[in-house]
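S.K.: When you get a sec, could you give me coordinates for this:
(one chain, ligands or ions: 1)
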Amino acid sequence: MQYRFYGFEHDYSPGITEILIRVESIGPMALPVRFSESHAAISRDISTGYQYGILWGIMAALGLYNLVLFFFVKQKIYGLYALYLIGFVLNSLSYTGHIHAVYTPDFGPYWQDWVDITLMLTYSVAGLHFARQLLDTKQYAPLLDKIVTRTTIVIPAGMLLGFIFNQLAFSVILAFILNSGFVVLFVAMGLSALKADKPFAVIFLFSSVLAAICITISTLAVGGFLVPYNDVTFKVIEVGVALEAILLAVILARQFRMAQLDKIIAERFARTDSLTQVNNRLGFNQVTLPIWTNIVRESRDASIVLIDVDDFKNINDSFGHAYGDEVLVSIAKCLKEAARKGDVVARWGGEEFILFLPETTQHQALVQAERLRKALQNVKLEIKQMHSHLTVSVGVAGSEGNQESPEIGNLNLVALTTEKLINYADIALYTAKHTGKNKVCGWTQQKSQTLSEPHTLLT
Ligand SMILES: Nc1nc2c(ncn2[C@@H]2O[C@H](COP(=O)(O)OP(=O)(O)OP(=O)(O)O)[C@@H](O)[C@H]2O)c(=O)[nH]1
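M.R.: Numbering: from 1, shown residues only. Now for the predicted structure:
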């Protein structure tokens, strides 16, 4: 047919006119008949166009947006949601005759019916799998999950057989069973998600019950049972499903946000030392790498300070491991407080801490390290039972700008990596440990060119 509605213009002479309409249909159908002035029929047609345009426009836009997300984020759930929405819009367009009036007028009712039920199948199957994934039903409702999966296999397979054996009526019945099952399964999934205390279960259940009510109203109206047929009762199905789609989009968006937050938290956990809450090795390396690259590119200075608690084993042995932990937490706190903006503090291992000091020559780093060593002696003040002073040994290695400083390392950062600089600081720390502890040593190659014979610079 050329137009979605059969419209006849006719002038009626005053008085009573008897009109007979004969309709032939290959299947059951509801045929609303309206008499109106022609301008009222036109304005009704225009407003119907707007109403459908808004409803389907929202859903199509949501569908396309999620399709784009699917291609870029590469998560199946977005693809299923897009298919569900776009499938529903296309199904509505064919069910209301729009598609057939524009694209498939020559198909004839038989093939148009096949188009209708294929689109019905598409959105129902995509919608059910989308809901399964959204609510993760497999985890807490395996039986229901199996029923949903089997339904989406058995019914399409039956419809395919109907197609092969030219049994349209059989396939139509199956499509309607799937469509009704869709509503029931959605509500069942919502209920089981609620029972399992899943996030978003309430909103999912609310949206599916709302859609179920709207679908029931439209179905009863079209079928001529209980509910009167009119514009509102006919279109309420679209309103219900559009509201459901929007609420599901809200759930999806919030899930995306939660997944992102989880990722951020997991990444932060991976980079942070759980005891002291400063960076761990991974965090240190991640933070320092870009700073280091810039510093080397612009020939600026940087230093590494390695701090190791002296005789920490004794602290553990005397006061217990938990107490040792408290000491480590206090040290980290003290280091963080003393650090300047831009300095990177990390726990390098057991009772060893590391500091990366950008824009700091080895000379300046030695001064800063000495300050820290003294500050850390006061850590004991915060810890009541500790009777002796907390002491640390410190190794420092860094660059010294363009100045000639023969008494210290005078390292050229361009030829270095952070690992090498840490290695030099470690050698300096070794010297501090083996020349009496409780002191700061800087890397030097004054007396020897080999890394194995560093010199104590400052004690
Ligand atoms: N409480 C606590 N102790 C730790 C932790 N990690 C490592 N340790 C302890 O730190 C101690 C390090 O001992 P050592 O390597 O012998 O070093 P030290 O006793 O400090 O001796 P020097 O380094 O030579 O001054 C060991 O007893 C470890 O069990 C931790 O997270 N918490």
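S.K.: going forward, measure contacts and count neighbours with C-alpha atoms only.
M.R.: OK.
S.K.: Tell me, how many residues neighbour residue 122?
M.R.: By the other CA atoms under 10 Å criterion, the neighbourhood of residue 122 contains 20 residues.
S.K.: typo on my end, it should be residue 143
M.R.: With neighbours defined by other CA under 10 Å, the count for residue 143 comes to 11.
S.K.: Would you list the phi and psi of it?
M.R.: With angles defined as degrees, to the nearest 10, residue 143 sits at phi -70, psi -50.
S.K.: And stretch 16-28, how far out from the chain middle?
M.R.: Relative to its parent chain, stretch 16-28 has a centroid offset of 56 Å by CA atoms, centre = their mean, to the nearest Å.
S.K.: Sorry, wrong one. I was asking about stretch 268-278.
M.R.: In terms of CA atoms, centre = their mean, the centre of stretch 268-278 is set 23 Å apart from its chain centre.
S.K.: Quote the end-to-end distance of that stretch.
M.R.: Terminal residues of stretch 268-278 lie 11 Å apart, using CA to CA, to the nearest Å.
S.K.: List the contacts of it.
M.R.: With CA atoms under 8 Å, 6 or more residues apart in numbering as the contact definition, stretch 268-278 has outside contacts at 279-284, 325, 328-329, 332-333, 345-347.
S.K.: Pick out whichever of these sits closest to the ligand.
M.R.: Out of the contacts of stretch 268-278, the one with the shortest distance to the ligand is residue 325. That distance is 4.1 Å, counting by CA to the nearest ligand atom.
S.K.: For the stretch 201-350 of the chain, what lies in contact range of the ligand?
M.R.: Residues of the stretch 201-350 of the chain that fall close to the ligand, judged by CA under 6 Å from any ligand atom: 309-314, 316, 321-322, 324-325, 350.
S.K.: quick one: which two of those are the most distant?
M.R.: Pairwise distances across these (CA to CA) peak at 17.5 Å, for the pair 310 and 322.
S.K.: out of the two, which sits in the busier spot?
M.R.: residue 310 (18 against 10).
S.K.: Could you verify my assumption that the more buried one touches residue 438?
M.R.: Yes - in this structure residue 310 lies within contact range of residue 438 using CA atoms under 8 Å: 7.1 Å.
S.K.: what sits in contact with each of the two?
M.R.: 391-393.
S.K.: what's the distance between residue 439 and residue 308?
M.R.: Separation of residue 439 from residue 308 (CA to CA) stands at 10 Å.
S.K.: Same drill for these two, tell me which one is more crowded.
M.R.: Between residue 439 and residue 308, counted using other CA under 10 Å, the more crowded position is residue 308 (25 against 22).
S.K.: which residue packs closest to that one, ignoring adjacent ones?
M.R.: In space, residue 308 comes closest to residue 352 once its chain neighbours are excluded; the distance is 4.4 Å by CA to CA, 6 or more residues apart in numbering.
S.K.: tell me, which helix in the protein spans the most residues?
M.R.: Longest helix in the chain by number of residues, with DSSP state H as the criterion: helix 231-271.
S.K.: and residue 303, what is it in contact with?
M.R.: For residue 303, the contact set (CA under 8 Å, 6+ apart) comprises 356-362, 365, 396-399, 421.
S.K.: One more pass at 10 Å, please.
M.R.: For residue 303, the residues meeting the contact criterion (CA atoms under 10 Å, 6 or more residues apart in numbering) are 343, 355-366, 396-400, 411, 413, 418, 421-422, 425.
S.K.: Among the residues you listed, which lie within helices?
M.R.: 362-366, 418, 421-422, 425.
S.K.: and the least confident of those residues?
M.R.: Among those, residue 418 carries the lowest pLDDT, at 85.
S.K.: thought that one was touching residue 295?
M.R.: No - in this structure residue 418 lies outside contact range of residue 295 using CA atoms under 10 Å: 11.3 Å.
S.K.: intersection of neighbour lists for those two?
M.R.: Any residue near both residue 418 and residue 295 by CA under 10 Å, 6+ apart counts here, and that gives 289, 302.
S.K.: list the helices and strands the helix or strand hosting residue 176 packs on?
M.R.: The secondary structure element spanning residue 176 is helix 168-195 (assigned by DSSP states H and E). Secondary structure elements in contact with helix 168-195, counted by 3 or more CA pairs under 10 Å, 6 or more residues apart in numbering; DSSP states H and E, are helix 108-135, helix 137-140, helix 142-164, helix 201-223.
S.K.: Serialize those helices to a markdown table and add fields for mean pLDDT and distance to residue 238.
M.R.: Formatted as a markdown table, the entries for those read as follows, by pLDDT from 0 to 100; distance: least, CA to CA, whole Å:
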| stretch | mean pLDDT | distance to residue 238 |
| --- | --- | --- |
| helix 108-135 | 92 | 13 |
| helix 137-140 | 95 | 26 |
| helix 142-164 | 97 | 23 |
| helix 201-223 | 90 | 8 |
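S.K.: got a markdown table for those helices, with distance to residue 66 too?
M.R.: Conversion of those to a markdown table gives the following (distance: least, CA to CA, whole Å):
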| stretch | distance to residue 66 |
| --- | --- |
| helix 108-135 | 12 |
| helix 137-140 | 22 |
| helix 142-164 | 22 |
| helix 201-223 | 18 |
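S.K.: Which one of those helices lies nearest to residue 69?
M.R.: Distance to residue 69, taken as CA to CA, is lowest for helix 108-135 among the helices and strands packed on helix 168-195, at 14.6 Å.
S.K.: Show me what counts as buried in the closest one.
M.R.: 109, 112-132, 134-135 (16 or more other CA atoms under 10 Å).
S.K.: What of stretch 320-333?
M.R.: Neighbour counts using 16+ other CA under 10 Å place 323-325, 327-333 of stretch 320-333 among the buried residues.
S.K.: How far off centre is that stretch?
M.R.: Counting by CA atoms, centre = their mean, stretch 320-333 comes out at 36 Å from the chain centroid.
S.K.: Equivalent analysis for stretch 282-298, please.
M.R.: Per CA atoms, centre = their mean, the displacement of stretch 282-298 from the mean C-alpha position of its chain is 28 Å.
S.K.: If we go by neighbour counts, what in that stretch is buried?
M.R.: Neighbour count says stretch 282-298 has 283-285, 287-288, 292, 295-296 buried, by 16+ other CA under 10 Å.
S.K.: could you dump those residues to a markdown table with pLDDT and secondary structure?
M.R.: Formatted as a markdown table, the entries for the buried residues of stretch 282-298 read as follows, by pLDDT from 0 to 100; DSSP: H, G, I helix; E, B strand; the rest coil:
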| residue | pLDDT | secondary structure |
| --- | --- | --- |
| 283 | 94 | helix |
| 284 | 95 | helix |
| 285 | 94 | helix |
| 287 | 93 | helix |
| 288 | 94 | helix |
| 292 | 89 | helix |
| 295 | 87 | helix |
| 296 | 84 | helix |
